[in-house]
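Student: next comes the sequence, and after it the predicted model I'd like to discuss.
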Amino acid sequence: MPDSKSGHFVSAVMNQYGNLKAAFEHAIRVAMHETHVRSRKAPEEPDYVAMLTLESAPYIAAALRYAIAHLNYAAAVSSVYCHQSPIVRHDENGQDQVCELGDILFVHFHTGPDCSVLRRNALLLQAKTLSRDSLALTGRDRAQFELYRFWPTFRYERSGPRLNGQQRDVRPKNWHPGAQYLLINDSRISGLSGSLGIPGSWCMAVWPPTSRLYARDSFADILVRFLVGANGRPFTGLGEDATDGWSQLVWDLIERAETFLFNRRNIGVEHQTRAGGDHVGPLNYVLSEGIIPAFSDDPARIANRIRTQISRLANDGEDEPPTGDAEPDEGDEDGGVSVVLIETREAESDDEVG
């Protein structure tokens, strides 16, 4: 449940629940449409994730700003696409297993009028394509399922020099709504695929880690619930006392997404910046360590640096990030999880939201 300081925001979102869900459905359909239009061959999971990360962000931002603007709230949505997912190695049931950590991470920072962080929430999703209403996890997919279901201690591989070999221990040792599956209907545009907006259908769904995945919970619905803290998992600021392991994992992924190039040949783009949404959002100052010293050791400053670099690229027309290592090819060994960063800020006073 949200604390009283963020209750106004929760009420605002819930009052616009239907409108936001419909708008988020549209944002997802845009991503699906772009994937199919741009693909030179049958779309692959990374193609859908790329378009969801980059093409949906502006629509999500616009819908959120419209829904809360009358209450004098501010919102920004920025995104960075990473192709190769980090690999993790874990030992479950006495077997050494390797799997992806995830494909896309949604992060929500909600702050008060003084820019103090009232809530942090994260939702890590592993994408799976399917053309029917359910999918059984077998073979290699079982390692991913066991990671999300039991959270054995794991170590990073193919995750960049800083993370490779690092060990993480997420607790408790059972599934939680912070890590789930994103189910993508990969059939061509039709009424059943959800691409036409027919009620009761959707392009993407979310389901928890079970041995069979069911495409029943609309991703748009989950995204609204995520914003009010009814889905996803909270995390603490870096440097704060946390023993859950989850918070460190989230910061790992935010930092890893700092600098990447876009390189998805199947959808006709190579060596482009992986920026989506607000290049420099209205809440840019919220994550500025110069204005908020308390953030000096918080990877929220990294998110600010992401936007700063993206903005420089947009303004200068450069082909590569000004700092950091690039991902030169789809075969690059060092991966990251795509990040969609959602920021919202409370109004200045209760009178403004009354």
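Tutor: All right, it came through fine.

Student: put the alpha carbons of stretch 133-146 into PDB.
Tutor: In PDB, the C-alpha atoms belonging to stretch 133-146 read as follows (Å, rounded to 0.1, in the frame of the first residue of the first chain):
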ATOM      1  CA  ASP A 133      -3.300 -18.400 -25.000                       C
ATOM      2  CA  SER A 134      -0.700 -20.400 -23.000                       C
ATOM      3  CA  LEU A 135       2.800 -21.700 -23.200                       C
ATOM      4  CA  ALA A 136       4.500 -24.500 -21.300                       C
ATOM      5  CA  LEU A 137       8.000 -23.900 -20.100                       C
ATOM      6  CA  THR A 138      10.200 -26.800 -21.100                       C
ATOM      7  CA  GLY A 139      13.800 -27.500 -21.900                       C
ATOM      8  CA  ARG A 140      16.100 -24.500 -21.600                       C
ATOM      9  CA  ASP A 141      13.200 -22.300 -20.500                       C
ATOM     10  CA  ARG A 142      13.200 -24.200 -17.200                       C
ATOM     11  CA  ALA A 143      16.400 -22.500 -16.000                       C
ATOM     12  CA  GLN A 144      14.800 -19.100 -16.400                       C
ATOM     13  CA  PHE A 145      11.600 -20.300 -14.600                       C
ATOM     14  CA  GLU A 146      13.600 -21.700 -11.700                       C
END
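
Student: can you give me how far that stretch is from the chain middle?
Tutor: 21 Å (CA atoms, centre = their mean, to the nearest Å).

Student: for stretch 67-74, same thing?
Tutor: Counting by CA atoms, centre = their mean, stretch 67-74 comes out at 23 Å from the chain centroid.

Student: what residues sit buried inside it?
Tutor: 67-68, 71, 73-74 (16 or more other CB atoms under 10 Å). Backbone N, C-alpha and C define where each C-beta goes, glycine included.

Student: same question for stretch 143-153.
Tutor: Buried, per 16+ other CB under 10 Å, within stretch 143-153: 143-149, 151-152.

Student: swap in stretch 205-219?
Tutor: 205-207, 209, 213, 215, 217-219.

Student: identify, from these, the entry nearest to Val88.
Tutor: For the buried residues of stretch 205-219, the residue nearest Val88 by CB to CB is Pro209; the value is 14.6 Å.

Student: what about the helix with the most length in the chain, distance to the chain center?
Tutor: Secondary structure assigned by DSSP state H gives helix 17-38 as the longest helix of the chain. How far helix 17-38 lies from its chain's middle: 15 Å, per CA atoms, centre = their mean.
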